[in-house]
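K.L.:
After the sequence you'll find the predicted model.
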Amino acid sequence: MQAMPKWADAVLIPLISILLAFFFSGLMILAIGKDPVVAIQTMVQGAFGSTNGLGYTLYYTTNFIFTGLAIAVAYHARLFNIGGEGQVMLGGLGVALVCLAIDWPHWTLALPAAMIGGAVFGAAWAFIPAYLQAKRGSHIVITTMMFNFIASAFVGYILLNYLKVPGSMSTESAGFSAGAHLPTFHEMLAPFGINFNKNAPANISFLIALLAAFGFWVLIWKTRLGYEIRSFGESESAAKYAGINPVRITVIAMMISGALCGLMAINNVMGEAERLIDNAPEGAGFIGIAVALMGRNHPVGIVLAALLFGFLYQGGAELTFWEAIPRELIVVIQGLVIMFTGALDNMVRIPLEKLFLALRKEEA
Amino acid sequence: MVITIHEGRQTPAAPIAPTTSPAPLAIELRGISKAFGPVQANKDICISVRKGTIHGIIGENGAGKSTLMSILYGFYKADSGTVLINGQEVQITDSQAAIAAGIGMVFQHFKLVENFSVLENVVLGAEDGGLLKPSLSKARKLLKQLSDEYELSVDPDALIEDLSVGHQQRVEILKALYRQADILILDEPTGVLTPAEADHLFRILEGLKAQGKTIILITHKLREIMNVTDSVSVMRRGEMTATVSTAETSPEQLAELMVGRKVLLEVDKTPATPGVSILEVENLTVVDSHGVTRVKGIDLTVCAGEILGIAGVAGNGQTELLEVLGGYQTGTGVIRVNGQDLDLTGKASDGQSRRAHGIAHVPEDRHDEGLILNFAAWENIVFGYHHDPEYQKNAWIMDNAKIKKIAHEKMERFDTRPLNEKLEAKSFSGGNQQKIVLAREIERNPDLLLIGQPTRGVDIGAIEFIHQQIVALRDQGKAILLVSVELDEIMALSDRIAVMFDGNIMGERLPTKTNEQELGMLMAGINNGADAKQSEGA
Amino acid sequence: MDYLTVLQILDSTVRLATPLLLTCLAGLFSERAGIVDIGLEGKLLVAAFMSGAVAYVTGSIWLGLLAGIAASLVFSMIHGLASITFKGDQLISGVALNFLAAGLTVVIGQSWFALGGRTPPLSGNGRFGEWNLPFSEAWSKIPVFGPTYNELISGHTALTYIALLTVPLSWWVLYRTRFGLRLRAVGENPSAVDTAGISVVRLRYMALIIAGVLCGLAGTYLASLAAGFVKDMSAGRGYIALAALIFAKWRPWYALSATLIFGFLEAVGNRYQSISIGDFVIPVQFMQALPYILTVVILAGFIGKAIPPRAGGTPYVKER
């Protein structure tokens, strides 16, 4: 017998958790002597009030859809991948190497190649922790965490010693050629007579992210592989009984996760910066954790949560600009969202379950 | 020397004559109730236990015995009711209060710290001060005394993880005695013991009783109740159905009280007509991940149209035997099914290739292996067979609509209630969960069915149905390997019985030509007389 | 490389190892009680910020120390609330705390000091003074021993000596006291502790309090050493400490050697941009990544096996 209806579990609990997180964020803003209402207005205006703002919001959203899906795939196999950051970094390296390899004639050729490059590098970076977990029982949370630092050092080394333009002051690769330029929303929407801001970084990767979300849904709930991933996640002993190979599933789930992280690089490295810079992911790998938690590991939830975080990121930048509230406010909100939707889940769940139980008893 | 349970009973240390004035009450429970969410585990329970007696509490799995005793030990808080110890009402708010009231408990799953020494486990929570040294040396002395007094010898410096199960249990008893418990509760203490170890335990209990300690023995084994207790309470579905003096009752009466109606322990079946041999096992050895040899070079044969029952105390290699046959444990030796050698190296030997060989497997533990509790019934009905072409739409996508339809039909044929394939497996009762597993495995029409603990935690109505299904499959000419720790079940279902002890097959018997005493000896590893391996047809 | 250079590197090793050691021991108490603490990094950061802020305002690093410990304790208690009281996921709680710390320190710092998340520089009593041990000056002329005593052993701040003393103290508490026995038991099998009539919840909170205090010391050390708080100044030390904890197999004396090794790697990395061994050049990035690589190697079980406390990471729920 279930204590709570399904909708309450899927919608009500996350909603209450988010409201709690926002409530505390509001208190935070009050505490530093600012007006939360003005702050929200500024953020909404900044994130959705213009096509420029919207373009940034959707650009961030794209990043977070990729990393959110990535964390969720691993989570369906009950693998906590906190190495998203490192996998995005490696994905960036892969995308950059592909884009710099030849003078691409057209983006339609460059994009698939870059996607493969990013996905392969991301997946490869996830492979080692996955293999060590599956074969040697090394805790994947710790190893993926270590791999973030190793990735940072590794990519930094490659960038500094091999990709940096000689004589340049900044630690970044050469710019990609024009043929590797991805269509932005401005360019995509112009034929339809819609005038989208020219400077906004949102680009075709957004559509790829939505496709990835749909692919995620098919993979997890329709395919045999998804069935095996979920089975393994629910019960490793049962999976063994059913002839599902734990090593195979651990490695595959983590490599899909790493590949999705790596794919993010088509947005930030290829779509936005158009060159490889140091520390390109800017924490997107970690935000994926919050997005997956909030989205309850379901693609619809993930897209919505990614949009929320995209809004927070862009709105937060505007806050810094107009209200002199540091950008790090977003990091606080992110922490609160992870805390309330993830770790303090029971704080909301237990009273709610009691409430539903009491309601049911009254009915009976 | 071997002492069977019956002999153990004949040497009570200090029989208390019932005619003299009765001893005062040690424990009195009045109107105890406890609910876990929507489940009522205990309903208005009343019990009185006299000082210096052994009181049994018997009931099926899930009848609420363990919950009741956990309340008495302060592990759970009762919703209502009062507890009196030695005539005084006490508030048992936590285990500390229970210990202070002189209650000690030996849980079914031991509560020991595996990488601590015996001594450290004994003093944990009962230390004499901030520093360990004085406590440990005091405990060492006391432990020596106690072990001399009650046949409770253990090495105080041994680590728990290096001790046998029987010795670990002694540490649990020592823990209680070290805390000066007058009342000792034992929850299913013999489930993991050999008959000889169980006898030793009962001797210890008799000794404790002679010293005036009060003992509560929780079990679902009628024989233990009849042999060691002075009085017995019967629980059914959270309620106390009766309390009787052991001398004035019979196993039949207790069984009826336990399940609420007459129990048919016999299964209606015709003699087997074994055909060709389906499963041949030769010199099979299994070493587990800790490097312990669990199965030590055994030989087995199961023919078409017969049920081979494997009897034995839990933990003597049966589980590993099923695992290696089911393809998720590696081993060495030969396993042949329908004349084909199976791979035992773990390379090709996954459950998938086993299923392709016509082996179906109802695992011992349906919660951890047989089912995914959070999956809907329809998802569970293809579990393990999800690669089957029948269930696929194309190379990658599964045909979920078709699977749901098939699931509904299979569940209907196996009388699964409620008949709703969209319900999560965890929402079904134990018996109905087992029917889902059986529907999945038996409907595959396998050549060989492996089935472990088919009726563990299953209500009595479902037991009969499940037994009938197993026999029906046999009558279709299929080979069945049955593993059960319930000797009654083995006796009722098997056409041939093999007894496992310490990874070896101690002997094979025909159910018609053996009895529980003989099997009990084999289960304890004692094989009297030449064990002429009975040939299949004999 | 002359002897003095070696001494300077070793001296710098001790300086860098001090916060690692304190944080590692914090993690040791927490994890030995069965609470996995990824939030060490966050605690380190809030402690550094609060101690820096209070030390600047009051002019006393000792008051700063109290504030740093208090801030770290608050974070510890949030972790306890999530992972003990509400039986939430310890990893997720730790990740959340790290974000909260990274964000809060800058937002509040900006609000208080308007220096982009920094505190104003500390000076005088706002920092820990160096303790010169007796005769360090007088003996410094004695060959070999003199400089060693003067440079390496003498001349550290109080917290370094406290950190070193914490090692035998931790060992003694864990293995020689009732509290230590119970603490280790609760990390291995909490139900054994519960049925023995001891509160699992209380023990685990106690462990988190100890962890909070130790992280408070470590954070204050960072703020004092750098003469003020700088955004993200913990710079992954919480994670390195966690790595060192695995390296140390959750034992106090091993923790000392592990953090000294990691401190040494950092000291060498700081001093040399790259190291040439013959024709082979070890890049500085490799030195930076080495602690993490070593930890992965240890975790993979190629060198010894690190077995964590058995109940680690799982909230204690009474079974039915």
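P.N.:
Perfect, I can see it now.

K.L.:
Which strand or helix spans the closest residue to chain B within the stretch 201-350 of chain A?
P.N.:
Of all residues in the stretch 201-350 of chain A, the one sitting closest to chain B is A:Gly243 (2.7 Å; Cβ to the nearest Cβ). For every residue, glycine as well, the C-beta is placed using N, CA and C. Under DSSP states H and E, no helix or strand contains A:Gly243.

K.L.:
Roughly how far does it sit from A:Met169?
P.N.:
58 Å (Cβ to Cβ, to the nearest Å).

K.L.:
Could you check which of those two has the larger neighbour count?
P.N.:
Counted by other Cβ atoms under 10 Å in any protein chain shown, A:Gly243 and A:Met169 do not tie: A:Gly243 has more neighbours, with 24 against 7.

K.L.:
Please verify my assumption that the more buried one contacts B:Gly346.
P.N.:
No: look at A:Gly243 against B:Gly346 with Cβ atoms under 8 Å: they stay out of range, at 11.9 Å.

K.L.:
show me where pLDDT drops low in chain A?
P.N.:
For chain A, residues meeting the criterion pLDDT under 70 lie at A:1-3, A:364.

K.L.:
Around chain B, pick out the residues from it.
P.N.:
A:1-3, A:218, A:222-225, A:227-228, A:230-231, A:234-235, A:237-238, A:240-245, A:357 (Cβ under 8 Å from any Cβ of the partner chain).

K.L.:
now the strands: where do they sit in the stretch 301-450 of chain B?
P.N.:
B:307-311, B:332-337, B:340-341, B:359-362, B:448-452 (DSSP state E, counting those that start in this stretch).

K.L.:
Out of the ones you listed, which is the most enclosed?
P.N.:
strand B:359-362 (a mean of 27; mean count of other Cβ atoms under 10 Å in any protein chain shown).

K.L.:
Let's see it as CSV, backbone CA atoms only.
P.N.:
In CSV, the C-alpha atoms belonging to strand B:359-362 read as follows (Å, rounded to 0.1, in the frame of the first residue of the first chain):
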residue,chain,number,x,y,z
ILE,B,359,16.7,-23.7,-16.8
ALA,B,360,14.2,-21.7,-14.9
HIS,B,361,15.0,-20.4,-11.4
VAL,B,362,12.8,-19.3,-8.5
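
K.L.:
Show me what that strand is packed against.
P.N.:
helix B:318-326, helix B:430-442, strand B:448-452 (3 or more Cβ pairs under 8 Å, 6 or more residues apart in numbering or on different chains; DSSP states H and E).

K.L.:
May I have the secondary structure class of A:Ala47?
P.N.:
helix (DSSP: H, G, I helix; E, B strand; the rest coil).

K.L.:
Where does the prediction get shaky in chain C?
P.N.:
In chain C, residues with pLDDT under 70: C:1, C:273-274, C:303-305, C:319-320.

K.L.:
and with 50 instead?
P.N.:
C:320 (pLDDT under 50).

K.L.:
list the buried ones in stretch C:132-150?
P.N.:
Buried residues in stretch C:132-150, counted by 16 or more other Cβ atoms under 10 Å in any protein chain shown: C:Ser136, C:Trp139, C:Gly146, C:Pro147, C:Thr148, C:Tyr149, C:Asn150.

K.L.:
Quick check: closest non-adjacent residue to the fourth one.
P.N.:
Closest residue to C:Pro147 apart from its sequence neighbours, by Cβ to Cβ, 6 or more residues apart in numbering or on different chains: C:Leu7 at 5.8 Å.

K.L.:
Assumed the one you found was part of a helix.
P.N.:
Yes: counting by three-state DSSP, C:Leu7 is part of a helix.

K.L.:
what's the neighbour count on it?
P.N.:
By other Cβ under 10 Å, 16 other residues sit near C:Leu7.

K.L.:
contacting residues around it?
P.N.:
When contacts are counted by Cβ atoms under 8 Å, 6 or more residues apart in numbering or on different chains, C:Leu7 touches C:Pro147, C:Thr148, C:Glu151, C:Leu152.

K.L.:
between those, which is nearest chain B?
P.N.:
C:Leu152 (35.0 Å).

K.L.:
From the structure, what's the count of residues near the closest one?
P.N.:
16.

K.L.:
Phi, psi for the residue in the stretch 101-250 of chain C positioned nearest to chain A please.
P.N.:
With Cβ to the nearest Cβ, the shortest gap between the stretch 101-250 of chain C and chain A falls at C:Gly103, namely 3.3 Å. Per-residue torsions, C:Gly103: phi -80, psi -50 (degrees, to the nearest 10).

K.L.:
likewise A:Ile142?
P.N.:
phi -70, psi -40.

K.L.:
wait, what's in contact with the spatially closest residue to it that is not a sequence neighbour?
P.N.:
Nearest residue to A:Ile142, sequence neighbours excluded (Cβ to Cβ, 6+ apart): C:Leu299, at 6.1 Å. For C:Leu299, the contact set (Cβ under 8 Å, 6+ apart) comprises A:Leu132, A:Arg136, A:Ser138, A:His139, A:Ile142, A:Thr143, A:Met146, C:Ile246, C:Ala306.

K.L.:
Filter those residues down to the ones in helices?
P.N.:
Members of the contacts of C:Leu299 lying in helices (criterion: DSSP state H): A:Leu132, A:Arg136, A:Ile142, A:Thr143, A:Met146, C:Ile246.

K.L.:
what would these look like in CSV with neighbour count?
P.N.:
Output for the ones in helices among the contacts of C:Leu299, formatted as CSV (neighbours: other Cβ atoms under 10 Å in any protein chain shown):
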residue, neighbour count
A:Leu132, 23
A:Arg136, 13
A:Ile142, 27
A:Thr143, 24
A:Met146, 28
C:Ile246, 23
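
K.L.:
who's in contact with residue 238?
P.N.:
You didn't say which chain, so I picked chain A. Counting by Cβ under 8 Å, 6+ apart, A:Ala238 makes contact with A:Ser231, B:Asp368, B:Glu369, B:Gly370, B:Leu371, B:Ile372, B:Phe383.

K.L.:
Wait, chain C was what I had in mind.
P.N.:
Counted by Cβ under 8 Å, 6+ apart, C:Gly238 has contacts C:Thr23, C:Ile38, C:Gly39, C:Leu40, C:Glu41, C:Gly42, C:Lys43, C:Leu44, C:Leu45, C:Asn98.
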